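> A predicted structure for the sequence below; I have some questions about it.
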Amino acid sequence: MDVRADQVQYNPYRVFSRAQWAALRDDMPMTLTAEEIARMHSMHDRLDIKEVEEIYLPLSRLLSFYVAAAQRLFVAQRHFLGIEDRKMPYIIGVAGSVAVGKSTTARVLQALLARWSPRPKVDLVTTDGFLFPNEILEREGLMQKKGFPESYDLPALLSFLSDIKAGRRPVRAPVYSHLTYDIIPNEGVEIDRPDILIVEGVNVLQTGRLPRDGKAVPYVSDFFDFSVYIDAEEPILREWYVERFLTLRDTAFRDPRSYFNRYAKLSDKEATDRALELWTTINLVNLEENILPTRPRATLILKKGSDHIIEDVQLRRL
């Protein structure tokens, strides 16, 4: 019923059409208003109450089962080991290309999960805060690879996630400014023992080369209990990126403090050409070399069409 005939053999995922997935909502209540939903979507990303009802409420119901099962397993393991360990937060990773709508998905999930009974504490962080400052990227010749795996302070990100999983409090995460396109010096956000933590970023499912000596090499995704990959075809992503660039040219880029203020006076053609150049030379390369190859590592894949509507859902088999 749930898997397309041509995809049954060797597929580790169950593939659901939109209608099949929507039916799995069952009696999961709608806890968000249309006004709240309207405030959650990112630029050009489409989100309405129907999308929440048909996609995100079934996902919220599924996650409630996963979280409850993880909590039961934690208690059983604690009894088995005879230890009094602190409850570890459930961590959800959200991955996907630039302009695909990761931030929207992360915010909707945060809002829905926070309204479960009995109101768990749900925090959200983006990995942008763990990018190296521009000063370091420029010194290392990495400014044209911003957003690539090598542009992140991976030890700092791994240390942050390790502290979160260990139940330390509070844990501080650096803050990134999309206006200045840089880390904000001496500023951070404190994450204090959440029940659930959502970690959003383009490369959160990234792995590295396996060690020859068999020693452990930690990855960001090692700390995830569940992961979501937002997917769309490359021509669609390119179109969304250009649309977003043109909108930013008329809005945020006009701010004199903006790193991209130099683009504010470009004509439509000049801005489109520049956006396509940035997409082809930077974002497409990152997508093909680093982001897309991590898609099969996700627990769940949400596939979008050109109208930003999720067309099908793929759930990894247990």
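In hand now; what should we look at?
> Pull out the buried positions in the longest helix seen in the chain.
Taking DSSP state H as the criterion, the chain has its longest helix at helix 57-81. Residues of helix 57-81 classed as buried under the neighbour-count rule (16 or more other Cβ atoms under 10 Å) are Leu57, Pro58, Leu59, Ser60, Arg61, Leu62, Leu63, Val67. The way it works is simple: take the backbone N, C-alpha and C, and place the C-beta from them, glycine included.
> any idea which helix or strand comes after that helix?
Downstream of helix 57-81, the next assigned helix or strand under DSSP states H and E is strand 90-96.
> quick check: mean pLDDT across that following strand?
Strand 90-96 comes out with an average pLDDT of 98.
> Could you export it as CSV, keeping only the C-alpha atoms?
The C-alpha trace of strand 90-96 is given here as CSV (Å, rounded to 0.1, in the frame of the first residue of the first chain):
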residue,chain,number,x,y,z
TYR,A,90,16.1,13.9,21.8
ILE,A,91,17.9,15.5,18.9
ILE,A,92,16.4,15.9,15.4
GLY,A,93,18.6,17.0,12.4
VAL,A,94,17.1,18.9,9.5
ALA,A,95,19.2,18.9,6.3
GLY,A,96,19.0,19.9,2.7
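> Give me the contact list for stretch 105-115.
If you take Cβ atoms under 8 Å, 6 or more residues apart in numbering as the criterion, stretch 105-115 is touched by 31-32, 36-37, 40, 47, 52, 56-57, 59-60, 63, 92, 94, 120-124, 126, 196, 198, 200, 228, 230, 302.
> hang on, Phe160 packs against Arg168?
No. Counting by Cβ atoms under 8 Å, Phe160 sits too far from Arg168 to count as a contact (10.0 Å).
> in the stretch 1-150 of the chain, which spans are helices?
Per DSSP state H, counting those that start in this stretch, the stretch 1-150 of the chain carries helices over the ranges 18-22, 34-38, 49-51, 57-81, 102-113, 134-139.
> buried set for the second one?
Going back to what we said before, that points to helix 34-38. By 16+ other Cβ under 10 Å, the buried positions in helix 34-38 come out as Ile37.
> pLDDT below threshold where in the stretch 1-150 of the chain?
Judged by pLDDT under 70, the stretch 1-150 of the chain has its weakly predicted residues at 1-9.
> if we go to 90?
Counting by pLDDT under 90, the stretch 1-150 of the chain has low-confidence residues at 1-11, 27, 38-46, 78, 83-88, 117-118.
> Using the three-state scheme, assign Val189.
At Val189, secondary structure determined by DSSP: H, G, I helix; E, B strand; the rest coil is strand.
> How many residues are close by the closest residue to it other than its chain neighbours?
Distance criterion Cβ to Cβ, 6 or more residues apart in numbering; nearest residue to Val189, sequence neighbours excluded, is Ala173 at 5.3 Å. Ala173 has 22 neighbouring residues, counting by other Cβ atoms under 10 Å.
> Correct me if wrong: Ala173 contacts Pro194.
No. At 11.8 Å, Ala173 does not count as touching Pro194 under the criterion of Cβ under 8 Å.
> returning to what we had before: select, out of the helices of the stretch 1-150 of the chain, the one closest to Leu315.
Closest approach to Leu315 among the helices of the stretch 1-150 of the chain (Cβ to Cβ): helix 57-81, 7.6 Å.
> what angle do that closest one and helix 102-113 make?
70 degrees (axes from the mean of the first three to the mean of the last three Cα atoms, to 10 degrees).
> Alright, I will stop here.
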